[in-house]
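Undergrad: Structure, please.
(2 chains)
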Amino acid sequence: MAFCCDIVKSEFSGIVYHANYLRYMERGRTNHLRLMGAEQQALFDQVETEGAGFAFVVRSMHLDFLKPARMDDVLDVVTWPVAVKGASIMLAQEVRRAEDVLVKAEVRVAFISGGRAQPIPKSIRILMKADLIS
Amino acid sequence: MTLSLDGEIRDGRHYMQVRVYFEDTDSGQIVYHANFLRFMERGRTNYLRLLGTNQQALLEETRNDAPGFAFVVRSMTIDFLKPAVLDDLLDIVTVPQEVRGASIALLQECRRGGDLLVSARVRVAFISGGKAQRIPKALRLAMEEHR
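TA: Alright, predicted model coming up:
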């Protein structure tokens, strides 16, 4: 997915505040799931009925801020799964400006349903594994 | 005991408190994960501010050597262990771990009472004149003083 970079907090140097990249990357993860759900509506419906009110929460992240983004930059947020386990999924994400990689991240997410950590639903695990690039 | 707005440095570690407001949460539920980075930035900023206040010479020397200096985050490893919720009073602790030639590694924690909520290792670099520079000696000495 690609979207225009919006500056919420513009520092004196005019570069994007580091925490803002987490918001962009969250949009990437959310849309990744949304599109998978759209492609495989039946699988997502199953998750919804099994566990009403499910959500993914970030458990840990590693981020490398390599180059700054600036106002008016058009950024590409790329998201792909790298590990799919029983209780968590590891996603790799990059924020790019054309060929330049600005930020690299590894994000571990867990699945919460009914306010508690649950195993990743089988249907989602299958979907993610189909895209695994190891 | 209420700490002052900028917190305090004790035994080489910086302590400050942050209250969780509605704006920090996902619709009044838990604190949105990226917001912990903002809290931790306040910790780093105030740590430096107090180091500079405690050592006025440090700040002047840095300003002379490196006009328009700033710290930028190069990398972070963060563990989100437990959630914070509305009205929580959080302790933000910042501990210098390693001061190398061109970067500083800090350990930062967000705690609520005895609970560790978020733990992060943050590497910052020193930028002056738009380029990465060596950490000013005065700053390095100030951070290493209490370790």
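Undergrad: Please state the backbone phi and psi of the most centrally placed residue in chain A?
TA: Nearest to the mean C-alpha position of chain A, counting by CA atoms, centre = their mean, stands A:Arg29 at 2.4 Å. Backbone torsions for A:Arg29, taken as degrees, to the nearest 10, come to phi -70, psi -40.
Undergrad: surely it meets A:Val57?
TA: No - A:Arg29 is beyond contact range of A:Val57, at 11.1 Å (criterion: CB atoms under 8 Å). All C-beta atoms are positioned from the backbone trio N, CA, C, and that covers glycine.
Undergrad: got any residues that touch both of these two?
TA: A:Val109 (CB atoms under 8 Å, 6 or more residues apart in numbering or on different chains).
Undergrad: Could you show which parts of chain A are in contact with chain B?
TA: Residues of chain A found near chain B (CB under 8 Å from any CB of the partner chain) are A:11-13, A:18-20, A:22-23, A:26, A:57-65, A:68.
Undergrad: Among these, filter down to the buried ones and hand me the ChimeraX syntax, if you would.
TA: Filtering these down to the buried ones (16 or more other CB atoms under 10 Å in any protein chain shown) takes a single ChimeraX command:
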select /A:18,19,20,22,26,58,59,60,61,63,64,65,68
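Undergrad: Please enumerate the helices of chain B.
TA: For chain B, applying DSSP state H gives helices covering B:35-54, B:56-65, B:137-144.
Undergrad: quick one: which of these is nearest B:Leu107?
TA: Across these, B:Leu107 has its closest neighbour in helix B:35-54 (10.4 Å, CB to CB).
Undergrad: What mean pLDDT does the closest one get?
TA: The average pLDDT within helix B:35-54 is 89.
Undergrad: which residues sit against it?
TA: Residues contacting helix B:35-54 (CB under 8 Å, 6+ apart): A:18-19, A:22, B:6-9, B:14, B:16, B:18, B:24, B:58-59, B:62, B:71, B:76, B:78, B:80, B:84, B:90, B:92-94, B:106, B:108, B:110, B:117-118, B:120, B:122, B:124, B:139, B:142-143.
Undergrad: Would you point out the helix or strand in chain A whose mean pLDDT is lowest?
TA: strand A:2-4 (a mean of 46; mean pLDDT, DSSP states H and E).
Undergrad: Kindly report the same for chain B.
TA: helix B:56-65 (a mean of 70).
Undergrad: related to what we said a few turns ago, who's in contact with the residue nearest to the centre of chain A?
TA: A:Phe56, A:Thr79, A:Leu91, A:Gln93, A:Val107, A:Val109.
Undergrad: Fine by me, we can end here.
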